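Peer 1: this one's sequence-less:
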């Protein structure tokens, strides 16, 4: 689900089209769109054998390019925060969001850390993630910086996968 897709789709004329990609857990949003928002929907399913698997290429690209990695981190953070602030918490429940899968969709082998502005009470203690675990940080692996935008490894640094 892309935040504010309705406004984007309507445009200046008040009419338009949008394409939503939903996980199976989010399909309840389709019922809301049909019933409450009176949106006309066409559903499509794509056979998995017709979808190209570009995951490893995406991960390598993010590993090599600092600016793309930075943009992907910002986009991932925005996605998780938008998900957490969504009004339909019964459908878009950030506590049930598979952060590993979302991180992979953004090209990360390990999802970046995102601190949510609120906490979830579980078992009497404040936590951020599923089952009382705090979201994990990627912890680095190569030194991306403005002076090293392609994240070249120092000699002897074996923390990343070798191609």
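Peer 2: Ah, there it is. As the structure is a prediction and not an experimental result, all values here were calculated from the model. Residues are numbered from 1 along each chain as shown.
Peer 1: rest of the way, CA atoms for contacts and neighbours
Peer 2: Noted.
Peer 1: so which residues of this structure form strands?
Peer 2: All strands of the chain, identified by DSSP state E, fall at 120-122, 125-127.
Peer 1: rank those by pLDDT, which is bottom?
Peer 2: Per-segment mean pLDDT for the strands of the chain reaches its minimum on strand 125-127, at a mean of 40.
Peer 1: surely residue 58 and residue 104 touch.
Peer 2: No - contact criterion CA atoms under 8 Å: residue 58 and residue 104 do not qualify, at 9.1 Å.
Peer 1: low-confidence ranges in this protein?
Peer 2: Counting by pLDDT under 70, the low-confidence segments of the chain come to 1-11, 14, 16, 117-163.
Peer 1: repeat that with 90
Peer 2: 1-52, 82-97, 113-163 (pLDDT under 90).
Peer 1: what's the longest helix in it?
Peer 2: Under DSSP state H, the helix in the chain containing the largest number of residues is helix 66-84.
Peer 1: any idea how far residue 82 is from residue 116?
Peer 2: With the distance defined as CA to CA, to the nearest Å, residue 82 ends up 10 Å from residue 116.
Peer 1: ok, now residue 89?
Peer 2: 15 Å.
Peer 1: these two: which has the busier surroundings?
Peer 2: residue 116 (17 against 12; other CA atoms under 10 Å).
Peer 1: quick check: that one touching residue 79?
Peer 2: No - applying CA under 8 Å, one finds residue 116 not in contact with residue 79, separated by 11.6 Å.
Peer 1: can you map out the helices along this structure?
Peer 2: 5-10, 28-35, 55-64, 66-84, 99-105.
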